[in-house]
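1. need a structure here:
(chains A, B, C and D)
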Protein chains: 4
Amino acid sequence: MTFRLQARIIAEFVGTAFLLAAVIGSGIMAERLSSGNMAIALLANTIATGAALVALILTFGGVSGAHFNPAVTIADAMERGRPWSEVPAYVAAQCAGAFAGATGAHIMFGLPFFSLSRHQRSGAPQVFSEFVATFGLLAVIWGCSRLRASSVPFAVGAYITAAYWFTSSTSFANPAVTLARSLSDTFAGIRPIDAPPFIAAQMGGAIAATLLFRWLVPSPREAAKAGSLS
Amino acid sequence: MTFRLQARIIAEFVGTAFLLAAVIGSGIMAERLSSGNMAIALLANTIATGAALVALILTFGGVSGAHFNPAVTIADAMERGRPWSEVPAYVAAQCAGAFAGATGAHIMFGLPFFSLSRHQRSGAPQVFSEFVATFGLLAVIWGCSRLRASSVPFAVGAYITAAYWFTSSTSFANPAVTLARSLSDTFAGIRPIDAPPFIAAQMGGAIAATLLFRWLVPSPREAAKAGSLS
Amino acid sequence: MTFRLQARIIAEFVGTAFLLAAVIGSGIMAERLSSGNMAIALLANTIATGAALVALILTFGGVSGAHFNPAVTIADAMERGRPWSEVPAYVAAQCAGAFAGATGAHIMFGLPFFSLSRHQRSGAPQVFSEFVATFGLLAVIWGCSRLRASSVPFAVGAYITAAYWFTSSTSFANPAVTLARSLSDTFAGIRPIDAPPFIAAQMGGAIAATLLFRWLVPSPREAAKAGSLS
Amino acid sequence: MTFRLQARIIAEFVGTAFLLAAVIGSGIMAERLSSGNMAIALLANTIATGAALVALILTFGGVSGAHFNPAVTIADAMERGRPWSEVPAYVAAQCAGAFAGATGAHIMFGLPFFSLSRHQRSGAPQVFSEFVATFGLLAVIWGCSRLRASSVPFAVGAYITAAYWFTSSTSFANPAVTLARSLSDTFAGIRPIDAPPFIAAQMGGAIAATLLFRWLVPSPREAAKAGSLS
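-> Take a look at the predicted model:
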């Protein structure tokens, strides 16, 4: 079942908006309630984000693929999962949805619509973390979608739950999410000046994982062409 | 397999009772044990509620649809999932079950059967939160039930787990739950005077999501009629 | 595929032993690490128990049914899921496994093999809690096993995760577990004198839920006989 | 679908690297944020590890079997799941991946590539814990893979989530993981001198569980040969 582009774009917009509302909103709630214990705050933020991903990918996966992430859309185009001509519309919808979701979270907690983040996230370890985080995310997506597609929502939710903790950057792993979080001066924010290196590392990780899995788990079409399975 | 209305009504009653017992009971336990750390209390309340939803929807979904929520039942009737003539019985069973579950939780913790809540939950951000929370809940239900129905229990449990944290109201998202929690002067309570705006916002969110998904993911019958899939 | 009784008995023994090791062992670890914050201790105990149930029911469900619980075995016999003649062997294996698991947990944490618990758990609210907890457990088992059997492990794990928090007794819901925990003077213990009322309430809840679901969701055989589905 | 050995070896390498990055990285993050509350730190470490296992086994299970663990590979060879001739390559890839993942975690958090752990983990209770932990892990793997293979990722993730808490050693249950953690002077570390008894106990537990399940749940081929199912 293939949906019209218009429906898929709306699905990407609404899904990314809810994803950002979940990331930023739960960060605000967690920081307000945790009395300064950052481990508890991040644990609540993690559980909310992982659970939101499961729910949103189950909800919108059948419509648009539930990318919610320009790095995923570009990687998908690299593998001919969808035509390059659709990429701009997808990416625009994801970015617009991300900003709408950030604003929505701010409204739900009585904050200004936007505010530049002052949360410093920089340095080689954090930038390397974003490379690793996005490499892993795309590995999970390619491995699962080619071999057991129905498990993608659970695998992605579980992966991000882990990656929030095992990277020093807390795994943004998503350029649209990074941009929107730069306009949120809250727990989940990132200084605008720190965003470009994060986004570059994310794209590098996404492309590296895509190339590895092109060889490791070829899509059925490629496998047939190359005779690469024994 | 369709069950008699009588069996479905009992399923809605028992399921909603257990849902409320879980929401209110776990709130009491969490507040008693958490030594004033509200983040830990809400985390325990969240995990108990999300897990209860998964278990209860798996248990009763095959019998009654496991709505446990008048907003869901009314949205289902809007989409002709069930006849309007059954709505009053469903809603009555849900409300009666909600009150029974609240009382059950109070008895299990040695409290009076009922007590008016003094927990203030008001203001535009919280009312807007209820609109968003219920919009998202119905989006999850429509997206999943039309495209991969077996995932509904997990998607709803995961969604509410996230929504407890990303809304400032902690996502009641259910008129029957709201009414019953107004009679519980505990962690999960809400002042009776704050209930009507919550319920209005919930109904608004439910209807908005239902109309969006009527266009975005038409039910198979509608899709065939309109030829809306490419 | 039906396994020999001998294999099923061993499966019940090993599974119940691991269940008790998980309940008691995680309680010891949680209390040691939590610096007196009982909410964090119970949260860790809850997550470990729920996760253990999922893993153990997935592992042994195909062999013995993964009851690990005399109340479940007796309810199953009531519904002719297995002959009454097998009940004594199942219950004996469950009780022996429960004691072995408790001992194993004590050894893993350097404690005496057994010690009488001094943890008071008594009073009408807690006894009523055990009735509710076991009623709910059997409701989950009957609803899921008759309508979507493959979801039982997840539904039971999720239910107990919730029930640890929404009952004042923390949901023992299992006579064999209750007996073995009376010999553990740790976080998860229960005074031996408090065990009999718990067990009586558990059996009452199990039988009540079984009778309700005999009417609500008849097993396919009963439904055919009675013509009870519309 | 069988993959070439080369692809399977790379899958074991990458998967084990991410597993170690998750275990060690989340331990570093948890200790840094938890203000000395070890229960919260272990809870975060547990959730990250369990979630990573679910994601990684879903991702790589279809390629290499997703062992990430020499004890599992050797047990699999015992049961003729794969030829003994492949065992050295698998084990080498797992150990190399484990060291790479540890280094990656250290880099992500700005630490030296390697440092000998000073975290004492010794004594009979902890060594016995490793026997129990690995016995249980292999029981879960054999029970699930022979009777409902698609549930292995969830069962293993859930089992380790529980076992982190119910054993006094926090369940390494994996010789490659044990070796790599001996070179990490962080929350998840183990003194090199404590590693050999852990590894011996792990192999003992793995072999004991494999022999039990050879009798309890014979593989289809063995069952046909022995006529062991009634």
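2. nearest residue to A:W84 other than its sequence neighbours?
-> Take A:W84 and drop its neighbours on the chain: the residue closest to it by Cβ to Cβ, 6 or more residues apart in numbering or on different chains is A:A77, 4.9 Å away. For the C-beta atoms, the positions are set from N, CA and C on the backbone; glycine is no exception.
3. and the helices in chain A, which stretches?
-> With DSSP state H as the criterion, chain A has helices at A:5-33, A:38-64, A:70-78, A:87-108, A:124-147, A:152-166, A:175-181, A:195-216, A:220-226.
4. need phi/psi at the spatially most central residue of chain A.
-> With distances taken as Cα atoms, centre = their mean, chain A has A:N174 as the residue nearest its mean C-alpha position (4.2 Å). Main-chain dihedrals, A:N174, degrees, to the nearest 10: phi -170, psi 110.
5. could I get the pLDDT score of the residue of chain A found nearest chain C?
-> At 8.7 Å from chain C, A:I40 is the closest residue in chain A, using Cβ to the nearest Cβ. You'll see A:I40 listed with a pLDDT of 97.
6. ditto for A:R221
-> Predicted confidence (pLDDT) for A:R221: 65.
7. ok, the one 5 residues further on next?
-> We have a pLDDT of 60 for A:A226.
8. so where is chain A shaky, pLDDT-wise?
-> A:1, A:221-230 (pLDDT under 70).
9. 80 - rerun?
-> A:1, A:219-230 (pLDDT under 80).
10. burial count for the nearest residue to A:G123 once chain neighbours are set aside?
-> Leaving aside its chain neighbours, A:G123 sits nearest to D:G110 (7.4 Å; criterion: Cβ to Cβ, 6+ apart). Neighbours of D:G110 under the rule other Cβ atoms under 10 Å in any protein chain shown: 13.
11. do A:A11 as well
-> Other residues lying near A:A11 total 28 when counted by other Cβ under 10 Å.
12. tell me who's in contact with it.
-> By Cβ atoms under 8 Å, 6 or more residues apart in numbering or on different chains, A:A11 lies in contact with A:F3, A:F60, A:V63, A:S64, A:A66, B:L216.
13. biggest separation within the residues you listed, which pair?
-> The most widely separated members of those, counting by Cβ to Cβ, are A:A66 and B:L216 (13.1 Å).
14. returning to what we had before: ok, the residue nearest to the centre of chain A to A:F213 distance?
-> A:N174 sits at a distance of 19 Å from A:F213 (criterion: Cβ to Cβ, to the nearest Å).
15. ok, A:G110 next?
-> Distance, A:G110 to A:F213, by Cβ to Cβ: 44 Å.
16. again, but for A:V152
-> From A:V152 to A:F213 the distance is 14 Å (Cβ to Cβ).
17. ok, A:C144 next?
-> 11 Å.
18. more neighbours: those two, which one.
-> Comparing A:C144 with A:F213 by neighbour count (other Cβ under 10 Å), the higher total belongs to A:C144, at 26 against 23.
19. pretty sure the more buried one sits against D:I57.
-> No - contact criterion Cβ atoms under 8 Å: A:C144 and D:I57 do not qualify, at 10.4 Å.
20. A:S168 contacts A:P125, doesn't it?
-> Yes - using Cβ under 8 Å, A:S168 is in contact with A:P125, at 5.0 Å.
21. compare the two and say which is more crowded by neighbours.
-> A:S168 (24 against 16).
22. look up how far B:E130 lies from that one.
-> In this view, A:S168 and B:E130 are 37 Å apart by Cβ to Cβ.
23. kindly report the same for A:D185.
-> 25 Å.
24. compare those two (neighbour count), which wins?
-> Using other Cβ under 10 Å as the criterion, A:D185 and B:E130 rank with B:E130 on top: 29 against 16.
25. mind listing what that one touches?
-> Contacts of B:E130 by Cβ under 8 Å, 6+ apart are B:T167, B:S169, B:S171, B:F172, B:A173, B:P197, B:F198, B:A201, B:Q202, B:G205.
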